[in-house]
Structure formats: structure tokens, C-alpha cells
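Engineer: fold the following and give me the result.
(one chain, ligands or ions: 2)
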Amino acid sequence: MEKTIDESIQGQALVLDQKKENKRKLFIESYGCQMNFSDSEIVASILEKEGFNTTQNLEDADLVLVNTCSIREKAEQTVRKRLEKYNAVKKNNPKMKVGVLGCMAERLKSKFLEEEKIVDLVVGPDAYKDLPNLIEEVEAGRNAVNVILSKEETYGDISPVRLQDNGVSAFVSITRGCDNMCTFCVVPFTRGRERSRDPQSIMKEIDDLVSKNYKEVTLLGQNVDSYLWYGGGLKRDFKHASEFQKATATNFAKLLDMVAIKYPKLRLRFTTSNPQDMTMEVIDIMAKHRNICKYIHLPIQSGSDRILKAMNRLHTRQEYFDLIDNIKSRIPDCAISQDIITGFPTETEEDHKDTLSLMEYVQYDYGFMFAYSERPGTLAAKKMEDDIPLDVKKRRLAEIIELQRKHSEFRHNSFIGQTVEVLIEKSSKKSSEHWSGRTTQNTVVVFPKDQYKIGDFAMVKIDGCTSATLLGNAVGYSDNN
Ligand code: SAH
Ligand code: F3S
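Structural biologist: Residues are numbered from 1 along each chain as shown. Ligands and ions are numbered 1, 2, ... in the order given. Next up is the predicted model:
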């Protein structure tokens, strides 16, 4: 919504008044990728300065914000269901305002206001700093929309309020947007072009986490390996950067190295890696530092060269195998996980078999597997018919899930008898007598609490496993404490 400068100055004054009272309540919930959860922590920080305290109780909220996901149709349906729930709650609390953030906001823009009468506010992923002004509008009785995507915004100057806090592990965003244009994917449209965050602001955020005793940081981006800081701006404009900017640029390997050296006791993770952008330099840096976790999420989507090409994944099956071989030779104990889509347009039984045989080659530790869901506006939606019948998609998906289950079981079993380092994160969901934590490979381990506490690195002897969890007993502290 357009506003004059005068109006926004008045708006700011009003906000300052309310800030003093500090009594508005914000209920914020997130769906979708980790980036959304991380963004909600930025939003909570922006609104904390405006006098909003977060509440876990929907019924108490003055403002309800839902950070949404558009990746598959089902993700959008989930959000629509939540809006129905807010509608029911609003009947008892008519003053409650409802805002939609994230990818669905960006995709549907002001159409959201027509489609969902409960919605007062629609804010895209690059516009969160405008929230105070937009909320002013809403409180004055007008709907407000800002879905402008940015070339620069990285929220590098905002200290997130940690919402899903175990006090041990945290997410730190390092890039925003994605330039890869996979033909099935809505993200480049909803999150805009790729830009990286100033390494100094990343270091400052990690410094703050370390001083608060956090033990693990996950660097986040849609495509982290493509991180490139050259003084700001879009990644795709790097070619026009000055010689000085090019010579002093920081790539992902350098950033990882810097963080790993500065915080030798901090566990470092990163996600997500796109195979075409993962370099040997990054693999070597991982191998060099004990504190960089031996785990790579490396989506493949399909094992068929023809489908990879139609998806605009810019690598072949063989190049992926070469990458896997390089990882395994430099980091033999590295865990690898996948994302796979079944039933992409034109996928044949032969293509599907290629995916199964690729899985047999890699023997992934974990996987995230999905049936293709056509997303409006993507190249695949425009150019290709969603022609694989749902029952075929589902049957192929079931076969892939079953094979992954076998491989995960095999991987888990290989830990039995080993003693592994576990960072303790929380009580086990199933038993208050047991801790739950993760190994460097990102596998969950559950073991009796004994004298250990949250945030300790324990050495745990593994003596059994369930389908997704290792079981064992602590035999001492790790020297990383
Ligand atoms: N680079 C991103 C990928 C985001 S999407 C990241 O940080 O994870 C996550 C996964 O969702 C993709 O790897 C893909 O397997 C799946 N996905 C994306 N678009 C999809 C679609 N249209 N239908 C089904 N699955 C999809
Ligand atoms: Fe989507 Fe491909 Fe980027 S899956 S987020 S366009 S790497």
C-alpha cells in the first residue's frame, strides 16, 4: 500500500507510543523450510522493538502471523486450514489481526485478501522491515500489502529472537533467494534473486550465539554453496563487480573456513547444497575441520539424465556420482541425504528405475521424497503437462521410500558397536529418563540421562537402533566440552 513520507513518520510516532506500553501479543507460526523458521525469528525481533511479546496461545493474540510455504500444493492447503482455525478464534476476539508472511504471500499477493477474508496483512519475504508501518495501516482499519522483492535485503543487521530455542543449536541465514530456476520450483519466484549476507554480520551473529553458550550453528540458504559476498548486491551482478571486489570476494569455502577456525568447539552445519554448486574446495574444508559436521544434504531429484535436464538441474547423473565419490574419498564417514521428486512430467518407468539405481549406488543415510506437485508460474507448469497419473506417482514414491528405508536401516546398523560423539539437545520425546541428541552425521541418538546435561558433548556407545534413531549408553564426556 502506497504511503507518503509524512504518513509514515506519523506512523512511527504512534508505534513509539505503543512501544512504551509494551503489551501487544504476537502469535507467530511457521510452515515449510528452515529458512521460514529463521525468518520468523527475524520478524519477532522487528516486532519486539514495536512492543510485541510473543505468545504460545492463539486465543490471546492481538496479531497472528503465519509464515507460509508454497513448495507443494499440500503445503498451501495446510496454511488455508490454519486460516480457518484463526477465523474460528477471531469470533471470540474480533480485534485480532491476521497477517500472512512468506512464500504464499509473495505468490498470491493481494489476491490473498480476496480469497481469504480473515487476512488483513500480506507481507513477502523481503518486506519484513516494513511490518511496523503495515501494522499501523491495519490498525487504522485498512488492509496492507508489501510483496516487493529486494536486491539487497539480507536482514544482516537484525538479531533474531530465538523462537524454537533449546539453547544449544541455532540457524543463521547466509543467503536469500535462488537463481537456479529448477523448472518445478516456485522458490525463485517467491524469494527472488540470490544475494549473500555480509560475512561480518554473520560472524557477529555467531559470536553472540557462542557467548550465549550455543554449541551448534546451521548456516542456511536455498543454495548455500553459491554464497558469494563482494560488497552486497545480487549474485548474478558479480560479473560487473570491480577488480577489487572480485579479488576480495568471500565464497562459501572461505566463509566456512573462517567460522570453523574462529570457533573450534562450535559444531557447524550447512544446508542446502546444490550438486552443481558444491566445490572440491568446500569438501576439502569439511575434511580439514573436525568441527564441520560430516553430513551433506545433496538433493538429486531424479536419477535420469533426461529428467534432470527437463528439471534444469545443471548436472548429469555421472557428475553427481563423481561428486559423491569425491566426498566419500575425502570424508569416508560423511553422511549424505537426498531430496527426490517422483512423477515429474514425462517420467517413464525407465527414468524411475534410473532413480532407484542411483539410490543403490549412493546408499543415502536419509531422504525427503515427494510426488511432483505442479506449481503455477513455474516453467514446468507453463511448458509441460502434469501427465503422470496420481496412482503412478504414488506407487513410484512408495518404491523409493521403501528403498530409502532399507538404506537408512543399513546405515544405522553400521553404527552398532561404535562409540560416537553426541551433542545433547533435549529430553527424548518418548522418555523423560533419556536424552536425545545428534551425531556429526546428523543421526539422532537416544540414551539414559545419567549425569549428563543439555549442551554436553557425550561419547555414546551404540548398541541398537530403531528405524530413525540410534540407541546406546554414554561412556564419558567428549574432549570437545
Ligand atoms: N534449495 C532448497 C530446495 C527447496 S525445495 C532447499 O534449501 O532445501 C525442497 C525440496 O522440495 C526440493 O529439493 C524438491 O525435492 C522438493 N520440491 C520442490 N518443488 C517441488 C514440486 N513442485 N513438487 C514436488 N516437490 C518439490
Ligand atoms: Fe528451488 Fe532449485 Fe533453487 S529446487 S530453491 S530453484 S536450487
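Engineer: and the stretch 301-450 of the chain, which residues reach ligand 1?
Structural biologist: Residues of the stretch 301-450 of the chain lying near ligand 1 by CB under 6 Å from any ligand atom: 301, 339, 341, 370, 372, 373, 375. To be clear about C-beta, it is placed using only N, CA and C from the backbone, and glycine gets the same treatment.
Engineer: correct me, but residue 396 touches residue 342?
Structural biologist: Yes: using CB atoms under 8 Å, residue 396 is in contact with residue 342, at 4.1 Å.
Engineer: which stretches of the stretch 301-450 of the chain have low pLDDT?
Structural biologist: In the predicted model, the stretch 301-450 of the chain carries no residue with pLDDT under 70.
Engineer: now it against ligand 1: closest residue?
Structural biologist: residue 339 (3.3 Å; CB to the nearest ligand atom).
Engineer: a strand runs through that residue, doesn't it?
Structural biologist: Yes: assessed by DSSP: H, G, I helix; E, B strand; the rest coil, residue 339 belongs to a strand.
Engineer: for it, which non-adjacent residue is closest in space?
Structural biologist: Leaving aside its chain neighbours, residue 339 sits nearest to residue 299 (3.6 Å; criterion: CB to CB, 6 or more residues apart in numbering).
Engineer: quick check, pLDDT for that neighbour.
Structural biologist: Note on residue 299: pLDDT of 98.
Engineer: hang on, the earlier thing: how many other residues sit next to the residue of the stretch 301-450 of the chain closest to ligand 1?
Structural biologist: A count of neighbours around residue 339, defined by other CB atoms under 10 Å, yields 14.
Engineer: go on, residue 62?
Structural biologist: The burial count for residue 62: 18, using other CB under 10 Å.
Engineer: so what pairs up with the residue lying closest to it once chain neighbours are set aside in the strands?
Structural biologist: Distance criterion CB to CB, 6+ apart; nearest residue to residue 62, sequence neighbours excluded, is residue 24 at 4.6 Å. Beta-bridge pairing for residue 24 (DSSP bridges): residue 52.
Engineer: what separation is there between residue 24 and ligand 2?
Structural biologist: To ligand 2, residue 24 is 34 Å away according to CB to the nearest ligand atom, to the nearest Å.
Engineer: heads up, I number from 5, so please use that
Structural biologist: All right, first residue 5 from here; so that's residue 28.
Engineer: quick one: contacts for the spatially closest residue to residue 473 that is not a sequence neighbour?
Structural biologist: Excluding its sequence neighbours, the residue lying closest to residue 473 (CB to CB, 6+ apart) is residue 448, at 4.8 Å. The neighbourhood of residue 448, defined by CB atoms under 8 Å, 6 or more residues apart in numbering, consists of 440, 441, 442, 472, 473, 474.
Engineer: in PyMOL, how would I select the buried members of the residues of the stretch 305-454 of the chain next to ligand 1?
Structural biologist: A single PyMOL command selects the buried members of these (16 or more other CB atoms under 10 Å):
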select buried, resi 305+345+374+376+377+379
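Engineer: do stretch 30-38 and ligand 2 meet at all?
Structural biologist: No: Stretch 30-38 does not reach ligand 2 (CB under 6 Å from any ligand atom); its nearest approach is 8.7 Å.
Engineer: residues of that stretch that come out buried?
Structural biologist: 30, 31, 32, 33, 34, 35, 36, 37.
Engineer: same question, stretch 324-343
Structural biologist: 324, 327, 328, 331, 335, 338, 339, 340, 341, 342.
Engineer: do I have it right that the first one meets residue 280?
Structural biologist: In this case it means residue 324. No: contact criterion CB under 8 Å: residue 324 and residue 280 do not qualify, at 9.2 Å.
Engineer: who touches the longest helix anywhere in the chain?
Structural biologist: Using DSSP state H, we find that the single longest helix of the chain is helix 394-417. The contact list for helix 394-417 (CB under 8 Å, 6+ apart) reads 339, 342, 344, 346-347, 351, 356, 359-360, 363-364, 367-371, 373-376, 447, 469, 471-472, 474.
Engineer: one step back: can I get the residues of the stretch 305-454 of the chain next to ligand 1 in JSON lines including distance to residue 72 and secondary structure?
Structural biologist: Below are those laid out as JSON lines (distance: CB to CB, whole Å; DSSP: H, G, I helix; E, B strand; the rest coil):
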{"residue": "305", "distance to residue 72": "23", "secondary structure": "strand"}
{"residue": "343", "distance to residue 72": "20", "secondary structure": "strand"}
{"residue": "345", "distance to residue 72": "21", "secondary structure": "strand"}
{"residue": "374", "distance to residue 72": "18", "secondary structure": "strand"}
{"residue": "376", "distance to residue 72": "20", "secondary structure": "coil"}
{"residue": "377", "distance to residue 72": "15", "secondary structure": "coil"}
{"residue": "379", "distance to residue 72": "14", "secondary structure": "coil"}
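Engineer: enumerate the residues of the stretch 105-254 of the chain near ligand 1.
Structural biologist: Contacts of the stretch 105-254 of the chain with ligand 1, taken as CB under 6 Å from any ligand atom, map to 188, 189, 191, 226, 227.
Engineer: just the helices in the stretch 355-485 of the chain please.
Structural biologist: Counting by DSSP state H, counting those that start in this stretch, residue ranges of the helices within the stretch 355-485 of the chain are 383-387, 394-417.
Engineer: return the most buried member of these.
Structural biologist: Highest mean neighbour count of these: helix 394-417, a mean of 16 (counted as mean count of other CB atoms under 10 Å).
Engineer: send me that one as CSV with only the CA atoms.
Structural biologist: Provided in CSV are the C-alpha atoms of helix 394-417 (Å, rounded to 0.1, in the frame of the first residue of the first chain):
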residue,chain,number,x,y,z
LEU,A,394,-1.5,-39.8,-9.3
ASP,A,395,-1.6,-43.5,-8.7
VAL,A,396,1.6,-44.0,-10.7
LYS,A,397,3.3,-41.1,-8.9
LYS,A,398,2.3,-42.6,-5.6
ARG,A,399,3.4,-46.1,-6.5
ARG,A,400,6.9,-44.9,-7.6
LEU,A,401,7.1,-42.7,-4.4
ALA,A,402,6.3,-45.8,-2.3
GLU,A,403,9.0,-47.8,-4.0
ILE,A,404,11.6,-45.0,-3.4
ILE,A,405,10.5,-44.6,0.2
GLU,A,406,10.9,-48.3,0.8
LEU,A,407,14.3,-48.4,-0.8
GLN,A,408,15.4,-45.5,1.3
ARG,A,409,14.1,-47.2,4.5
LYS,A,410,16.3,-50.2,3.7
HIS,A,411,19.3,-48.0,3.1
SER,A,412,18.7,-45.9,6.3
GLU,A,413,18.4,-49.2,8.3
PHE,A,414,21.6,-50.4,6.8
ARG,A,415,23.4,-47.1,7.6
HIS,A,416,22.0,-47.1,11.2
ASN,A,417,23.1,-50.7,11.7
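Engineer: and the helices in the stretch 105-254 of the chain?
Structural biologist: Using DSSP H, counting those that start in this stretch, helices in the stretch 105-254 of the chain cover 106-112, 115-119, 135-143, 191-195, 203-215, 247-251.
Engineer: among those helices, which is the most enclosed?
Structural biologist: It is helix 106-112: most buried of the helices of the stretch 105-254 of the chain by mean count of other CB under 10 Å, with a mean of 25.
Engineer: just to revisit the earlier point, wait, which of the helices of the stretch 105-254 of the chain is closest to ligand 2?
Structural biologist: helix 191-195 (3.6 Å).
Engineer: done for today, thanks.
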